[in-house]
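*Asks:* Fold the following for me, if possible:
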Amino acid sequence: MASISFDFDVVIFAPLAPIIGVLVFWLIQLLFIENQKHMLSHLRSNHEPLCRFTNFVGILFQTMCHALGYTVTRSGIQHFQVTVNYGKVSPKKEKTGVFEWISNSFLFLGPFFIPSGLLLLCSYFLLENGFVIPTPTLYTFGEGLSNFGLSLSTYAQSFAGFLLRIDFLNPIHLGFFLLLLFLGMGIRPSYMGEEKKSKIDLMYDLKNIKNHFAQKPWYIVIFFIVMYGVFYLSLFLKTNWYFVLFSLFGWTSLVAIIAMMIAYLILLLIRTTDEISGRWKVLPFLTIPVSYSLARVFLYYVPMGNTQTSSLVVMILSTLLVTILLFRYKTNRFKTDSKMKHMRAEDGKKRTSKKRAD
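*Replies:* Have a look, this model is predicted:
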């Protein structure tokens, strides 16, 4: 093993490499969440129950994370309430100081990592060779970023390989996929409050997190002191403990991103079928299980290798083809024309307002 060089890069900048990596992926996760909320806003008029369900899932995750924070700080839980619009947890013992700060940390940051962390734990028993964390040799900033990226890319490739070989006739695979979709549909709520709905968006989350850390800036200093201590201990023992810790956070963000990508495709299919007239809009959703089942039966009697992947490809192509054909020949022209007229009317109002302003 190469000798460890105690230069300025190693002592000061190297511990920041995995922290920066986690922050970058967390910000990407926030952007995916915002994009999904934008898609749901377009579906709300026609699919209010679906939007309410996704909001309930987000509030459920948020409330459970807050309850976990009270459990970790040994405050106890006196009252736990979750509705479609609101969630509340009351502790048995009101604690202040660092305990209150930790509980609120679970509330503001927990929903981004804890639910996907549970899925990450489940994926440990399903993925092959996905949990790889290289042991550093030089402990430099560049090597830290490189190893962090390598651990995430290895996990992403393993996850993608699992999805390409997923067996929907296997209850374990099907259950994991449904949990993945459950997470992707509602990792964060879109609104809270029954009477006055407070919109929850990217700026809302960032503002709460900023205010949370601004209240106790010394806790951030203590956090970095502890992280640097763990890094120096790993450096002294020539282990990868420090990188293991932050790779776990990176993997959880990656799981959440993958879950939202899959959920977004489902939402996109729902939005596309809204343009199809009558009962024909149900056909693409029926095509999914029917085409997959027929492909599995055919490949059972005519083995061709890669049965799961081939069936999955047949299912995706069949659904895509049926959706395109229905969208082309069974589009609700009246609805489309109404939308066009509405858009033209809005454009006319904007032009009129602009002329008056000029």
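*Asks:* use CA for all of it now, contacts and neighbours both
*Replies:* Fine.
*Asks:* any idea which helix is longest in the protein?
*Replies:* helix 241-273 (DSSP state H).
*Asks:* Any buried residues in that one, and which?
*Replies:* Applying a neighbour-count criterion of 16 or more other Cα atoms under 10 Å, one finds 241-244, 246-264, 267-273 buried in helix 241-273.
*Asks:* Where does pLDDT dip in this protein?
*Replies:* Across the chain, the ranges flagged by pLDDT under 70 are 1-6, 194-197, 332-358.
*Asks:* mind running it again at 50?
*Replies:* 1-5, 336-337, 340 (pLDDT under 50).
*Asks:* Give me the residues contacting the host helix or strand of Phe53.
*Replies:* Using DSSP states H and E, Phe53 maps to helix 48-72. Contact partners of helix 48-72, identified using Cα atoms under 8 Å, 6 or more residues apart in numbering, comprise 40, 43-44, 76-77, 80, 82-89, 91, 102-108, 110-111, 114-115, 182-183, 185-191.
*Asks:* Which of the residues you listed fall in helices?
*Replies:* Short answer: the contacts of helix 48-72 in helices (DSSP H) are 40, 43, 102-108, 110-111, 114-115, 182-183, 185.
*Asks:* Looking at those residues, which two lie furthest apart in space?
*Replies:* The span of the ones in helices among the contacts of helix 48-72, defined through Cα to Cα, is set by Leu43 and Ile102 at 36.4 Å.
*Asks:* Give me the domain ranges for the chain.
*Replies:* 8-270, 275-357 (automatic domain parsing).
*Asks:* what's the most buried one of these?
*Replies:* domain 8-270 (a mean of 18; mean count of other Cα atoms under 10 Å).
*Asks:* where along the stretch 101-250 of the chain do the strands fall?
*Replies:* 191-192, 198-199 (DSSP state E, counting those that start in this stretch).
*Asks:* Was I right to think Gly250 contacts Val22?
*Replies:* Yes - between Gly250 and Val22 there is a contact under Cα atoms under 8 Å: 5.3 Å.
*Asks:* tell me the contacts of Phe106?
*Replies:* Here Phe106 is in contact with Cys65, His66, Leu68, Gly69 (Cα under 8 Å, 6+ apart).
*Asks:* Tell me how far the second one lies from Val282.
*Replies:* Meaning His66. From His66 across to Val282, the span is 39 Å (Cα to Cα, to the nearest Å).
*Asks:* now do the first one
*Replies:* Noted for Cys65: a distance of 37 Å to Val282, by Cα to Cα.
*Asks:* try the third one
*Replies:* Remark: distance between Leu68 and Val282 (Cα to Cα) = 40 Å.
*Asks:* Grab the nearest non-local neighbour of the residue nearest the centre of the chain.
*Replies:* For the chain, Ala256 is the residue whose C-alpha lies nearest the centre (Cα atoms, centre = their mean; 2.7 Å). Closest residue in space to Ala256, ignoring its immediate chain neighbours: Ser116 at 5.6 Å, by Cα to Cα, 6 or more residues apart in numbering.
*Asks:* quick one, what contacts the one you found?
*Replies:* Here Ser116 is in contact with Leu183, Thr252, Ser253, Val255, Ala256 (criterion: Cα under 8 Å, 6+ apart).
*Asks:* separation between Met227 and Leu245?
*Replies:* Using Cα to Cα, Met227 is found at 10 Å from Leu245.
*Asks:* what about Glu100, helix or strand, and which?
*Replies:* Judged by DSSP H and E, Glu100 forms part of helix 98-123.
*Asks:* got the angle between that helix and helix 48-72?
*Replies:* For helix 98-123 against helix 48-72, the angle by axes from the mean of the first three to the mean of the last three Cα atoms, to 10 degrees is 120 degrees.
*Asks:* May I have the secondary structure class of Pro303?
*Replies:* coil (DSSP: H, G, I helix; E, B strand; the rest coil).
*Asks:* Backbone dihedrals for it, both of them.
*Replies:* In terms of degrees, to the nearest 10, the main-chain angles of Pro303 are phi -60, psi 130.
*Asks:* ditto for the one 5 residues further on
*Replies:* The phi and psi torsions at Gln308 (degrees, to the nearest 10) take the values phi -60, psi -50.
*Asks:* For it, give me its contacts.
*Replies:* Listed by Cα under 8 Å, 6+ apart, the contact partners of Gln308 are Leu164, Arg165, Ile166, Asp167, Arg296.
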